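>>> Below is the sequence, then the predicted model.
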Amino acid sequence: VQLVESGGGFVQSGGSLSLSCVLTGDTMNKYPMAWFRQVAGKGREIVASVSQSGRIPFYADSMKGRAFISKDNQNNTARLQLNGMTSEDAGVYYCAAGMVNVPPHSTYDRGYEFPIWGQGTQVTLSG
């Protein structure tokens, strides 16, 4: 199983970030999915996750109201939108897939609960 992120690069300050993550080698409907990030001066942190079913999202407290996660099982794609971007949002964003055979509506937010990771995509603020 592999994950490939896209959509990083330069984002206008105050604008929105849109990231996609394609899962290959299996079907995404088996996996809870998540987005993590590593920003300057901080360790890796959860941004958002979504249950295996795709119906139940989880957001870090600092992301509530401006982050939106979705999971398209038919197209094996997870997406993240983050609005109101500031310099504190610059960093590397990672897509991650959780464990299979978990309750379909459970959510997870710890790194160790996601054994499969993408290579990360760099996000830089401009303006």
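Thanks, I have it. Numbering: from 1, shown residues only.
>>> Spatially central residue for the protein, please.
A centroid search over the chain (C-alpha atoms, centre = their mean) returns Trp35, at 2.0 Å, as the residue closest to the centre.
>>> And the helix or strand where Val11 lies, what's buried?
Of the helices and strands defined by DSSP states H and E, Val11 is found in strand 9-12. Residues of strand 9-12 classed as buried by neighbour count (16 or more other C-beta atoms under 10 Å): Val11. Glycine gets a C-beta too; all of them are placed from N, C-alpha and C.
>>> Just the CA trace of that strand, in CSV.
The C-alpha coordinates for strand 9-12 follow below in CSV (Å, rounded to 0.1, in the frame of the first residue of the first chain):
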residue,chain,number,x,y,z
GLY,A,9,3.5,24.3,-2.7
PHE,A,10,2.9,28.1,-2.2
VAL,A,11,-0.3,29.2,-0.6
GLN,A,12,-1.3,32.8,-0.2
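>>> This protein: strands as residue ranges?
Using DSSP state E, the strands of the chain run over 2-6, 9-12, 17-24, 33-39, 45-50, 57-59, 67-72, 77-82, 91-97, 116-117, 121-126.
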